[in-house]
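Trainee: I would like the atomic coordinates for the input below:
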Amino acid sequence: MSGHESIAVNDILQSSTWRTEKKWHWKRKSHINILEAHAGLGVLTAAAADLPDSRCLGLLDSRVAKGALAKGRSSSTGLQKTCKKSAAIQLAFGLYPGWCFAPTRLNVADDPTRRCALRSPSLLCITKKLSAAQLQAVHSHLLSRWAANWSRLVILLIICQSPSEATSTLLPDQKPNWISDLASAGSLLRVFLVALLDFEPPSIDLPALPSFNISSPQPYLLWTLCIGLVTIFLASCGSVGLRGSFGRGCPSVKGAPGRLLWILICGFWVADAMAPQTALERGRAERRSGNNLIATRVARHDTLERREKLLTDFRVWLHDQHKVHLSLLLTAKPPDAEEICKWLISYGQEMYLSGKAYGKFAETINAVSAARPVVRKQLAGAWDPAFAWLTDEPSEHHPALPLSILLAMLALALMWGWPLEAAVLSLTWCGICRIGEVLIAQRCDLILPCDSAPGVTFGLLRIKTPKTRGRAARHQAARIDPPDILKLLTAVYAKAPPTSLLWPFSASTLRKRFSNLLSGLGLQTTKINGRRPFDLGSLRPGGATHLLLTTEDSELVRRRGRWVTGKVMEIYLQEILYTTFAEKLDWKTRVKVTQLAGNFPRLLDCASDFLNSAIPPQTWWRLFQASDNEEHGEERG
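Mentor: Predicted coordinates:
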């Protein structure tokens with residue numbers, strides 16, 4: 001492995017553009033080493049005239065002349081004269097020369113002496129791709145001839161550009177050198193480089209490269225095959241001795257050619273392990289291209305963005321108030337969980353005194369644990385003030401929405417020309433769904449009886465991101481049974497495109513229209529005397545409570561509501577407001593709710609006809625008014 005050639009110097013000789021500056025002939029015969037030393041003296045003379053007080057580089061293809069000029073002395077009488085002249089020029093003109101060995105086969109200066117045109121430069125070079133520190137690391141290892149050649153080829157395969165890009169940089173009078181114009185070859189060549197040079201380059205940050213793909217012919221496969229054949233030839237000639245040094249039970253070799261042989265044999269499968277092998281894998285790879293797999297348990301991007309904002313607020317508070325850097329706390333190895341808990345507790349106390357919501361503090365703790373998952377189970381101390389917060393300000397459950405109020409709201413929504421609102425509310429209530437699950441659902445997630453096989457009398461809503469997917473079934477669905485609700489859903493969504501959202505507007509729009517429906521019925525929309533009004537969160541407990549009172553089967557309710565345990569389900573079912581709410585309604589509101597709920601079947605039939613006839617919903621209110629006036633006129637007549 002060790003030798004006299006430098007990969008960097010060889011690359012400069014092959015990839016640089018050279019021209020003839022000076023030529024001379026010798027008047028008398030002399031030893032070749034003395035003549036080579038005189039050529040180096042010419043380099044110093046030219047540098048003294050053009051660049052005094054500088055550093056200069058000289059490339060010599062005689063190791064004897066290089067060593068004598070570098071040391072400034074020699075036991076040879078002929079070389080002593082040249083060394084003295086070199087020292088005098090250096091002292092007089094302030095020159096600091098560096099002498100490197102240039103192999104004769106790569107020395108462009110020898111071309112005119114052989115009556116040949118100057119050779120064309122290679123298209124690719126490593127000196128322009130590596131930094132100064134990386135180039136120094138490569139140059140610090142002197143290799144033998146074959147090792148330097150293969151090492152430069154491997155580095156070119158790893159870090160240089162593709163053939164098409166390299167060809168585009170050619171000058172009109174240049175011819176391509178296809179030996180160095182190769183594509184990137186993958187991680188196998190990284191292993192080859194380390195094994196061949198017997199050292200790990202300290203600061204060569206190589207880009208991520210594609211792996212082998214045997215199904216599509218690439219130029220680098222041919223070159224890798226050539227490397228393997230050459231190595232096998234060296235092994236057959238006795239250059240390779242097998243011995244165990246890769247580890248107990250693993251075959252290994254002695255010498256760099258043998259290491260290359262085993263790397264090629266054992267590394268083909270490693271390099272090609274990530275290449276798609278079947279049509280199914282290629283299809284998955286195409287579908288996944290461009291997607292970034294994020295290492296987190298959070299499924300929704302808005303949750304990630306909200307946690308990132310809360311983490312930023314916590315980071316700013318730490319730095320501004322206490323001059324502590326959160327990044328240092330999270331990147332410490334091992335992290336100090338007690339220190340992190342101390343700052344989270346202090347932050348939670350200030351949030352409590354400043355009137356912040358409990359959810360922001362809880363999500364801040366979750367954001368910190370997600371940023372450094374190793375401390376997730378060590379943040380119990382940070383949750384203690386959170387539990388005290390809940391004890392001081394216990395959360396209030398959403399009041400369960402009774403069936404009569406739901407039917408009245410659906411009837412009013414249809415009269416106002418809001419079929420989408422009526423469909424979303426009925427789907428959430430009957431399917432015992434969380435409102436967020438319905439808002440992100442698409443038409444393809446809703447399976448109606450018209451979409452199923454004959455004989456199916458119920459509908460299903462496929463839940464995209466179930467809340468309990470980590471503890472229960474990963475794929476869940478909500479079931480809708482009432483025929484009148486299925487009729488409404490079929491009329492609204494039967495002809496919708498598969499990729500359309502069930503609710504194509506914002507969540508705030510749905511909340512505002514839900515509040516308008518409550519106002520239209522005469523129900524409260526704000527908290528009065530400790531009584532919470534109905535909201536979108538009242539649909540799920542309302543449907544669950546109604547199903548329990550109808551069937552008296554708690555296990556059925558738990559399965560329909562997709563709760564993991566019965567204890568969690570009871571939180572939603574033990575709602576007194578469901579049975580006592582009707583007693584607290586005034587007479588006018590009760591009459592209005594009763595009339596609208598009783599007329600819901602008739603209004604649903606009219607709305608279905610309007611939808612099937614493509615009548616714009618904006619005109620429904622006037623049509624319902626006209627129909628009501630006709631009925632009243634017939635009664636009076």
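
Trainee: Now tell me which helix or strand of this protein has the poorest mean pLDDT.
Mentor: Lowest on mean pLDDT, DSSP states H and E among the helices and strands of the chain sits strand 241-242, with a mean of 35.

Trainee: what about the spatially closest residue to residue 145 that is not a sequence neighbour, is that helix, strand or coil?
Mentor: Nearest residue to residue 145 in three dimensions, chain neighbours excluded: residue 5, at 6.0 Å (C-beta to C-beta, 6 or more residues apart in numbering). Glycine gets a C-beta too; all of them are placed from N, C-alpha and C. Put simply, residue 5 is strand when judged by DSSP: H, G, I helix; E, B strand; the rest coil.

Trainee: Identify the bridge partners of residue 5.
Mentor: Assessed by DSSP bridges, residue 5 has beta-bridge partners residue 143.

Trainee: the longest helix in the protein is where?
Mentor: In the chain, taking DSSP state H as the definition, the longest helix is helix 301-322.

Trainee: now for that one, which elements pack on it?
Mentor: helix 326-331, helix 337-353, helix 358-371 (3 or more C-beta pairs under 8 Å, 6 or more residues apart in numbering; DSSP states H and E).

Trainee: could you measure the residue positioned nearest the centre of the chain against residue 501, distance?
Mentor: Nearest to the geometric centre of the chain sits residue 292, at 3.1 Å (C-alpha atoms, centre = their mean). For residue 292, the distance to residue 501 equals 24 Å [C-beta to C-beta, to the nearest Å].

Trainee: looking at the helices and strands packed on helix 301-322, which is closest to residue 87?
Mentor: helix 326-331 (54.3 Å; C-beta to C-beta).

Trainee: buried stuff in that closest one?
Mentor: For helix 326-331, the neighbour count (16 or more other C-beta atoms under 10 Å) marks 326, 329, 330 as buried.

Trainee: got the CA coordinates for that helix in PDB?
Mentor: C-alpha atoms of helix 326-331 as PDB (Å, rounded to 0.1, in the frame of the first residue of the first chain):
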ATOM      1  CA  LEU A 326     -32.900  24.400  25.200                       C
ATOM      2  CA  SER A 327     -30.700  22.800  22.500                       C
ATOM      3  CA  LEU A 328     -28.000  22.200  25.000                       C
ATOM      4  CA  LEU A 329     -30.400  20.500  27.400                       C
ATOM      5  CA  LEU A 330     -31.800  18.300  24.700                       C
ATOM      6  CA  THR A 331     -28.500  17.400  23.000                       C
END
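
Trainee: other SSEs contacting it?
Mentor: The contact analysis (3+ C-beta pairs under 8 Å, 6+ apart) places helix 326-331 against helix 301-322, helix 337-353.

Trainee: So which residues lie in contact with the last one, not counting its own?
Mentor: Contacting residues not belonging to helix 337-353 are listed as 314, 317-318, 322, 324, 329-330, 360-361, 364-365, 368, 375, 378-382, 384-386, 389 [C-beta atoms under 8 Å, 6 or more residues apart in numbering].

Trainee: Same check on the longest one?
Mentor: Contacts of helix 301-322 from elsewhere in the structure, counted by C-beta under 8 Å, 6+ apart, are 294, 296, 298, 324-327, 343-344, 347, 350, 360, 363-364, 366-368, 370-371.

Trainee: how about a cut-off of 6 Å?
Mentor: Helix 301-322 is contacted from outside by 298, 324, 326, 363, 364, 367, using C-beta atoms under 6 Å, 6 or more residues apart in numbering.

Trainee: ok, now how distant is the fourth one from residue 291?
Mentor: Yep, that's residue 363 we're talking about. Taking C-beta to C-beta, one finds residue 363 at 26 Å from residue 291.

Trainee: my guess is the residue nearest to residue 145 meets residue 148, correct?
Mentor: Yes. Counting by C-beta atoms under 6 Å, residue 5 touches residue 148, with 4.1 Å between them.

Trainee: the more surrounded of these two?
Mentor: Neighbour comparison, residue 5 and residue 148: the larger count goes to residue 148, with 25 against 21 (by other C-beta atoms under 10 Å).

Trainee: I'd guess the more buried one is in a helix, am I close?
Mentor: Yes. With three-state DSSP as the criterion, residue 148 is located in a helix.

Trainee: ok, now which ones touch it?
Mentor: By C-beta under 6 Å, 6+ apart, the contact set of residue 148 is 5, 7, 10.

Trainee: Check residue 130 too.
Mentor: Applying C-beta under 6 Å, 6+ apart, we find residue 130 in contact with no residue.

Trainee: Check for me that it belongs to a helix.
Mentor: No. Per three-state DSSP, residue 130 lies outside any helix segment and is coil.

Trainee: any weak-confidence spans in this structure?
Mentor: Across the chain, the ranges flagged by pLDDT under 70 are 1, 157-274, 293-300, 394-395, 470, 571-583, 628-637.

Trainee: okay, now the domains of it?
Mentor: Listed domain ranges for the chain are 18-120, 123-275, 306-392, 403-619 (source: automatic domain parsing).

Trainee: Next, format these as a markdown table and append distance to residue 283.
Mentor: What follows is the domains of the chain, written out as a markdown table (distance: least, C-beta to C-beta, whole Å):
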| stretch | distance to residue 283 |
| --- | --- |
| domain 18-120 | 45 |
| domain 123-275 | 14 |
| domain 306-392 | 32 |
| domain 403-619 | 20 |
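
Trainee: related to what we said a few turns ago, most tightly packed of the helices and strands packed on helix 326-331?
Mentor: helix 337-353 (a mean of 17; mean count of other C-beta atoms under 10 Å).

Trainee: Can I get that one as CSV, trimmed to CA atoms?
Mentor: Extracted in CSV, the C-alpha atoms of helix 337-353 (Å, rounded to 0.1, in the frame of the first residue of the first chain):
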residue,chain,number,x,y,z
ALA,A,337,-34.1,14.8,32.9
GLU,A,338,-34.2,16.5,36.3
GLU,A,339,-33.0,19.8,34.8
ILE,A,340,-35.5,19.6,32.0
CYS,A,341,-38.3,18.9,34.5
LYS,A,342,-37.3,21.8,36.6
TRP,A,343,-37.6,24.3,33.8
LEU,A,344,-40.8,22.7,32.6
ILE,A,345,-42.4,23.1,36.1
SER,A,346,-41.3,26.7,36.3
TYR,A,347,-42.7,27.4,32.8
GLY,A,348,-46.0,25.7,33.7
GLN,A,349,-46.3,27.8,36.8
GLU,A,350,-45.8,31.0,34.9
MET,A,351,-48.3,29.8,32.2
TYR,A,352,-50.9,29.2,34.9
LEU,A,353,-50.4,32.6,36.5
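
Trainee: Take the contacts of residue 148 and lay them out in TSV including distance to residue 545.
Mentor: TSV is the format used below for the contacts of residue 148 (distance: C-beta to C-beta, whole Å):
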residue	distance to residue 545
5	84
7	77
10	82
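
Trainee: List just the nearest of these to residue 497.
Mentor: residue 7 (60.2 Å).
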